[in-house]
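In: could you work out the structure for the sequence below:
(2 chains)
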Amino acid sequence: MPSRARVLFWSAVVLLLVLLPPVVAALKQPFYLDLVRRVMIFAIAAVSLNLILGYGGMVSFGHAAYLGIGGYVVGILALYGMHSGWLQWPLAIGASALAALAIGAVSIRTSGIYFIMITLAFTQMLYYLGVSLEVFGGDDGMRIKTRSQFSGLVDLADPVAFYYLVLVLMLGSLYLVDRLANSRFGMVLRAAKSNEARSRAIGLSPYLYRLAAFVIAGALCGLAGALLANHTAYITPDFMHWTRSGEIMFMVILGGVASSAGPLLGAVVLLVVETLLAGWTEHWQVILGPLLILSVIFFRRGLAGALPGARNG
Amino acid sequence: MAEALLRAQGLCKSFGALRASDSIDFELLEGETHAVIGPNGAGKTTFIGQLSGDLRPDAGTIRFAGEEVTSLRAPARARMGFARSFQITSIYREFTALDNVALAVQAHAGHSFRFWRPAREESALREPARRILEEVGLGARADVLAANLAHGEQRQLEVAMALATGPRLLLLDEPVAGMGSDESQRMVAFLAALKGRQSIILVEHDMDAVFSLADRISVLVYGRIIATGTPQEIRANANVRRAYLGEDAL
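Out: Coordinates of the predicted model:
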């Protein structure tokens, strides 16, 4: 029964992630805590992209823009001595949402290859803006000396506390996007991806729904950006580089578009394999590339499609 | 005489040098089934496209229930009560038959900026959808993916979606095209049952279907309507026979 397999799968995932910090501490391998935290942050970015790419059929090749905006908001506020996370994170989310509103309002009028190119172009503009801003370190970026402060509630300088915060936010994001995808809103979004002419003929204009999804996805990715800035304690324009957009997109496709577990699986596999290979040889990209191509050929519905009880819907 | 539900006047639409619609005047009465026939390439689908709002006429006006709708696009017209089926079946192939119809119900149940409650658990959407599937004879196939339905069933599903919007006007573009004779007879019987309750514009090549369903027939040739009349009048019309029906049609 698919729903039972689903419950089992998610219980196992949550259990594993909850138990990781004590295990890592016992084995004295803090590196893995850092790796998994990074994976989960990228999973949030991938989940947000999945809302528009997987469910909405909007192939945004510029999703790293919101990672960058979220990160820079945290970094810039920190630079000027404003360390409160209560201020930084909502602003990071809000600024990303606003940018997504502007970018989406223009991009969503196009489709296909034009949509891909225009989202890429907007993100490249932001990338070069980051490079040109010498006050914020230009293309070297800048260090964040003090991580976001949450009135002593959560200390992000404590790796374990930060880890659990990221875990909660990631699970929340997964749940949020799953709810959205199955709501009336999500059904309209998916229907417009499936057959736009049919949607219009029954009286649904997709534009505003797509735009709303684009803004929600941008906002959520902005949160991932704020987390990433705190994770690395450093921000650079590389947050917004087009290869970063490509990576997030690849996580979604590798994991399986329009599935709830897909983006998480994609983030896990891509980042873990990348890390393992990089530890083994400096030419790891030569191996990773073909691996990715093979995985796309053999898992047509993504890794999530290969799970027991995988469902489409 | 009944008031016209839909009236098109002087519709013109060209694609380059091709005049696909050449000052078409057309009216549909409330409750009437008005068929549009004509040879291939006569501009039937172009005509339907302008009525549905998918195509913008170069000239002319379309009035619906007394309101001018010429500049309204397809979704806006759909919300006023236009519903159409396409010449090439147009359904949500990745969704179940029930999902398809439920989406059509949802499209007419207010805005869809509802983000939280699972739409598939809303009986306000599922129950009417299920009823309509029963009505078109797809009740037992509700949970089958639309892509896996037989061709005839997909055509039925498309009509079910049109009905689910609670339409005031049905635009049916070749509803029995590509159907086997059994399927096609069932569809004709179904449409016959709608007759009188629904106002229908029917584009169709199948002359048996047209002559058994239509109250009036308009004949479209090279973008012009060359005749409009009852089935008997059309059968007897010499121009029509020459242009389209052929001498052996009688």
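In: what mean pLDDT does the host helix or strand of B:Arg186 get?
Out: Using DSSP states H and E, B:Arg186 falls within helix B:181-194. Helix B:181-194 comes out with an average pLDDT of 90.
In: host element of A:Leu204?
Out: If you go by DSSP H and E, A:Leu204 is not part of any helix or strand.
In: distance of it relative to chain B?
Out: 5 Å (Cβ to the nearest Cβ, to the nearest Å). Every residue, glycine included, has its C-beta placed from N, CA and C.
In: thought A:Ala192 was touching that residue, still the case?
Out: Yes - here A:Leu204 reaches A:Ala192: they are 6.9 Å apart, a contact under Cβ atoms under 8 Å.
In: count of neighbours near residue 186?
Out: Chain wasn't specified; assuming chain A. Using other Cβ atoms under 10 Å in any protein chain shown, A:Gly186 has 24 neighbouring residues.
In: I was thinking of chain B, sorry if that wasn't clear
Out: The local packing of B:Arg186 (other Cβ under 10 Å) involves 17 other residues.
In: that one touches B:Gly137, doesn't it?
Out: Yes - B:Arg186 is in contact with B:Gly137 according to Cβ under 8 Å; the separation is 7.1 Å.
In: what about the stretch 201-313 of chain A, any weak spots by pLDDT?
Out: The stretch 201-313 of chain A contains residues with pLDDT under 70 at A:308-313.
In: find the closest residue to chain B in it.
Out: A:Gly203 (3.3 Å; Cβ to the nearest Cβ).
In: measure the residue lying closest to that residue once chain neighbours are set aside to B:Val69 for me?
Out: Excluding its sequence neighbours, the residue lying closest to A:Gly203 (Cβ to Cβ, 6 or more residues apart in numbering or on different chains) is B:Ala78, at 3.3 Å. Plainly put, B:Ala78 is 11 Å away from B:Val69 if you go by Cβ to Cβ, to the nearest Å.
In: also A:Leu220?
Out: Distance from A:Leu220 to B:Val69, by Cβ to Cβ: 39 Å.
In: the two: who's more crowded?
Out: When neighbours are counted by other Cβ under 10 Å, A:Leu220 and B:Val69 differ, and A:Leu220 comes out ahead with 27 against 18.
In: what's around B:Arg84, how many residues?
Out: 30.
In: next: the one 4 residues further on.
Out: The burial count assigned to B:Ile88 is 10, neighbours taken as other Cβ under 10 Å.
In: three-state assignment of it?
Out: At B:Ile88 the chain is in coil, as set by DSSP: H, G, I helix; E, B strand; the rest coil.
In: mind checking the backbone torsions on it?
Out: phi -100, psi 120 (degrees, to the nearest 10).
In: same question for A:Ser205.
Out: The phi and psi torsions at A:Ser205 (degrees, to the nearest 10) take the values phi -90, psi 120.
In: check contacts around the residue lying closest to it once chain neighbours are set aside.
Out: Closest residue to A:Ser205 apart from its sequence neighbours, by Cβ to Cβ, 6+ apart: B:Pro75 at 4.2 Å. Neighbour list for B:Pro75: A:Ser199, A:Arg200, A:Gly203, A:Leu204, A:Ser205, B:Gly53 [criterion: Cβ atoms under 8 Å, 6 or more residues apart in numbering or on different chains].
In: what about the helices in the chain?
Out: Just so you know, I chose chain A. Counting by DSSP state H, chain A has helices at residues A:2-27, A:30-50, A:64-79, A:85-107, A:112-132, A:159-182, A:184-194, A:196-201, A:206-232, A:242-255, A:262-280, A:284-298.
In: not what I meant, chain B
Out: B:44-52, B:74-80, B:97-107, B:123-135, B:151-164, B:181-194, B:207-213, B:231-236, B:238-240.
In: which one of these is the most hemmed in?
Out: helix B:97-107 (a mean of 28; mean count of other Cβ atoms under 10 Å in any protein chain shown).
In: for chain A, give me its nearest residue in chain B.
Out: For chain B, Cβ to the nearest Cβ, closest residue to chain A: B:Ala78, 3.3 Å.
In: so what's that residue up against?
Out: A:Arg200, A:Ala201, A:Ile202, A:Gly203, A:Leu204, B:Gly53, B:Ala107, B:Thr165.
In: pLDDT score for it?
Out: Per-residue pLDDT puts B:Ala78 at 95.
In: could you measure from it over to A:Leu189?
Out: Separation of B:Ala78 from A:Leu189 (Cβ to Cβ): 18 Å.
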